[in-house]
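Q: output the structure for:
(2 chains)
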Amino acid sequence: MSRLTEAAPSEATLPETAPLGATLPEASTLELTPTLPAPAHASPAPAPALPHLQTLLDEQESPLIEWPRYSCALGAQQTVVAIRRAAPILHSGPGCSTKVQALIGQGEGYAGGSTIPCTNSGETEVIYGGESRLREVIDGSFKVIDADLYVVLTGCTTDIVGDDVGGVVGEYQLEGRPVVYVETGGFKSNNYVSHELVVNSIIDQYVEPNKTNGGVKPGLVNVFASVPYQDPFWNGNLEEYKRILEGIGLEVNILFGEDSGGVTEWLSIPEAQFNIVVGAWVGLEIARHLKELYGTPFVHFPYFPLGARDTTAFLRQVIDAVDFDEPGRARADAFIRGEERKFYAHIDTLMDFLLEFRYALPRRLYTLLDASYALGFTRFLLNEVGILPAQQFVLDNTPERYQEEIRKRFSEVSHLGLRSAEVAFLADAGLAHDLIRTDAGVGPSVCDAGVKSRVRDGGVEGVADAESRAGVEGAASAKSRGGIDVGGSGSGSDGSRTLIVGSSWERQLAADIGADLLIISVPVVYRLVLGAPVIGYRGAIRVIEDLYTQVLNTFR
Amino acid sequence: MSIVDVRTPEVPVREVRLNSITGFFGSAKELVGCSHARKVREQTRSFTQGMMCSSTAAFCQLSMIMDAAVINHAPVGCAGDFPQFHITYRIGQMERELPPLLGHYYNSNITESDTVFGAAEKLAQVIREAYHRARPKAIFVTTSCASGIIGDDIEGTVRDAEKELGIPVIACICEGFRSKIWTSGFDSAYHSVVRGLVKPPRVKTKKVNIINFWGSHIFEELLGRLGYEANYILPFSTVEQLKRVSEAAATIQICPTLGSYFGAALEQIYGVPEIKAPPAYGLAGTDRWLRELGEVLGVRDEVERLIAEEHARIEPELAKYRKKFEGKTAYLTAGAAHGHAIIALLRELGFYVKGAAIFHHDPLYDNEDPASDALAQNVRLYGDITNYSVCNKQAYEIVNLLTRHRPDILVARHGGMAHWGAKLGIPSFLVDDEQFGFGYQGILNYGDRIEDTLNNREYLANFAAKSVSPYTDWWLGQEAYCFLGGGTRVEAY
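A: Below you'll find the predicted structure:
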């Protein structure tokens, strides 16, 4: 492996013996300014592919995950929490549920968080098996938790030990209890994959035996467009999908979140005229399963649509599948025209700002997102906002069979065919950080990084302005700090600033390279997400507002 | 005394080492009596909700050693607690005026094939890679249920890595399934520090170890006046600092549930005296703690002057609060030792403590000294608590109890609890900083916080009227402990 950290320019100058936390003399701090010339990125042309990236990807698969941004298979407990009045029951060790909640949870939901029943399997269950414990907890759950559907999920301990969970849950199913089981031992996959597994299991074990069976209902669609909670904006996004699909005249089973009809809606899944999958790859297994089971055809839109261009394209693809009559089609067209008119009225205002604002704005983009968001953001920011793609990182552990297709879509991001975007598929975001740091001529984040940051920040500052140092201020003074000329000094430069669309893990990275950071991915630490969408017509306007509010907030 | 054995890679869990329990309902006095007679019996629940696990507790202590890296040898989901401690670390840096540091945390991403073929070789690679990325002064490897059950040779792997890299690489054995008492993970973290880092003392210093989470720095003033210096551990310490904790003049516990093992280990192995009195919460509790501190540090007279001054300063203020809170009732849910501290504070301020749901109970700590029993001191000073339960974050029991008892205020120490108070319209607050209530000033701090909380009711009343609950009416009509074993309370459905 070509080790990035060894190639980084400033490492050699780190004082080996400086005790961390000790105040360093000024002299030693001065050496820490990167000595190699920073690559010029002021040009708005797309950045060249990073030279060592390919070597790295070809030669070595990282053995570890740094800056994790998805959970294990058991993370799909949040898929259950997102179904109205459904309750997960965990047959797992203690702590599993709280760790999932800590990474992707948002509040408790209806029966999530501290409510989730769990066997807290210990030594006894590992040695003697945990089936009787599971029975106790399922019995208790029916009595204590008022839910319409219970989903038993297993953890690592149960799956390694090999409890017959299907047998135990089967007994309750025979009694007609609304309970489903899924093997989600953490090591088996991640919560993108197990989301599909959980949905399919609910379909097989709950929907199929209890379906309302009214035959195919024209105009009814099931939407699989978000992994709840793993997509922090799932609730708002699903509301926006429902709004726009209803806008073109469909009836929508949105299935998750506050705008859904809970289990009643799930029971009508077999009646849909067709299924809609939105996203690069997650959800396809569900649609395929439903096709096999009920013969329901599906429409696949392969990224998250942000802004009028892509949202209209999404709706057009759906409209083509519906077979509307003439008035139906006219109504759909009218809806789209209305949405576009409103959207471009706002973009008109945006143009006024973008073209006349006299100081540097982001023009260059890194995404560190899952495949669906990475494509969606790269396309939207390029085609509607004018931010050009540099390197994109897809960090959702995309199965290999989907990568070629996604890579191709990145090569076609420009609607004028002017450019393609480089993409790297990684699970270990640490590699992405290292690549971006190297690209920007900033040293790696070794344990002594604090010493370096101290230099860039001009010494220890008071608590009061520490907040502004940690990220927001990053862009404004980056020119003098990181060795990369991003032109973001707020002093009338015509250079471009760099934008990272990623997670809260990128906060210090953004500060170190003088980039702006828009947090869209888990973990979401530095913003509060309640019900706002980021996709569709309305969500994209919200994204623009969030982005430039943050940028403007860096000026003095 | 429980024997601290640094030769073995793992420390026995609290169930085994201290006979600690997670299930009890009765009076505090009864529990203390049974504890000191070594007659405490665990009671289990047939219905349970998710708890925390040891690996999170271990990570919480190891993740903020400023020049160490932590490898979580586990499937990726076990790294779900990385962000919460990273933000704690980062905000703590702001409070301490430190430069912005990143936590160096790595997950070994144990997958299905690793569970078949073993993941020890992969761990060796991860350690190497982590070393190259972070250049840490030490690396800790925390284990998981998966790595534990598949039986990876962690100890052998870290020993080889240590030789190869020339820095301490230390196993922290903290699989979640081994213990129902997540504070066992604190012991695991301290055991790995004592085993892998701490060196025999070269000199005796004027430093006093303070085993704490990431609380505020309140000890500089006190110890400075007594001629000593505060040494906060483990969060925000350095590897070098930890190597030298054996040279301290004494060890202070901010919460013996946290530091029981570390305090005892340092005393047993290196003769660093541990202050045995329960931490200084409440007036009499603070007097007692200070007197012992004065004794150990050899500054008795100065301590007496301090006690007199502080009493004179705070008593008039305290009287005002007591008058305000007269006749008010409180409920609390918290970890063991700090829960006892909150009970003392609430009673000092004039509240009637209707009940407490405490996450576990250690009959005695590792020092095996009944003098350290904060609950016993509580009962002695303020009387019994009739409705005392040991309940490891079982929200369903808490909701039942709150619905039944309707206290004027709920105090919680952990996440996922205060929320339920709010749903019922009960003014609630979560206390994160143990130091907030410490000492004489801590009583006033609490009084102030409680006064604010009680006063701020409009939004709570509004929310409570609209909030939904997932708990069945059947459940809210049952006795809160009907799932707790022992056969004395019969379940009816």
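Q: show me what from the stretch 151-300 of chain B comes close to chain A.
A: Along the stretch 151-300 of chain B, the residues adjacent to chain A under the rule C-beta under 8 Å from any C-beta of the partner chain are B:Glu175, B:Gly176, B:Phe177, B:Arg178, B:Ser179, B:Lys180, B:Trp182, B:Phe236, B:Thr238, B:Glu240. For glycine as for every other residue, the C-beta is placed from the backbone atoms N, C-alpha and C.
Q: okay, A:Val413 and A:Ala390: tell me how far apart.
A: A:Val413 sits 12 Å away from A:Ala390 when distances are taken as C-beta to C-beta, to the nearest Å.
Q: with A:Leu220 instead?
A: Distance from A:Leu220 to A:Ala390, by C-beta to C-beta: 43 Å.
Q: sorry, back to before: most widely separated two among the residues of the stretch 151-300 of chain B next to chain A?
A: By the measure C-beta to C-beta, B:Lys180 and B:Glu240 form the most distant pair in these, at 35.8 Å.
Q: out of these two, which sits in the busier spot?
A: Ranked by neighbour count (other C-beta atoms under 10 Å in any protein chain shown), B:Lys180 and B:Glu240 place B:Lys180 first, with 26 against 16.
Q: so what's the more buried one up against?
A: A:Pro94, A:Asn120, A:Gly122, B:Glu15, B:Thr22, B:Met51, B:Asn392 (C-beta atoms under 8 Å, 6 or more residues apart in numbering or on different chains).
Q: now stretch B:136-150: buried residues?
A: For stretch B:136-150, a neighbour-count test (16 or more other C-beta atoms under 10 Å in any protein chain shown) marks B:136-150 as buried.
Q: for chain A, tell me which of the residues you listed show up nearby.
A: Checking those against chain A by C-beta under 8 Å from any C-beta, the ones in range are B:Pro136, B:Lys137, B:Ser144, B:Cys145, B:Ala146, B:Ile149, B:Ile150.
Q: re earlier: compare A:Leu220 and A:Ala390 (neighbour count), which wins?
A: The residue with more neighbours, out of A:Leu220 and A:Ala390, is A:Ala390; 24 against 17, by other C-beta under 10 Å.
Q: what is the strand or helix carrying the more buried one packed up against?
A: Secondary structure assignment for A:Ala390, by DSSP states H and E: strand A:388-394. Judged by 3 or more C-beta pairs under 8 Å, 6 or more residues apart in numbering or on different chains; DSSP states H and E, strand A:388-394 is in contact with strand A:362-369, helix A:371-380, strand A:422-425, helix A:429-440.
Q: ok, that strand: who's next to it in the sheet?
A: With DSSP bridges as the test, strand A:388-394 is paired with strand A:362-369 (parallel), strand A:422-425 (parallel).
Q: distance between it and the chain's centre?
A: Centroid separation between strand A:388-394 and its chain, computed with C-alpha atoms, centre = their mean, to the nearest Å, is 15 Å.
Q: show me what the helix or strand following it is packed up against.
A: Scanning forward in sequence from strand A:388-394 by DSSP H and E, the next helix or strand is helix A:400-411. Counting contacts by 3+ C-beta pairs under 8 Å, 6+ apart, helix A:400-411 packs against helix A:371-380, strand A:422-425.
Q: which residues touch the first one?
A: Defining contact as C-beta under 8 Å, 6+ apart, one finds that helix A:371-380 is touched by A:231, A:278-282, A:302-307, A:309-310, A:365, A:367-369, A:389, A:392-394, A:396, A:398, A:402, A:406, A:409-410, A:413, A:421, A:423, A:501, A:520-521, A:535, A:540, A:543.
Q: brilliant, that's me finished.
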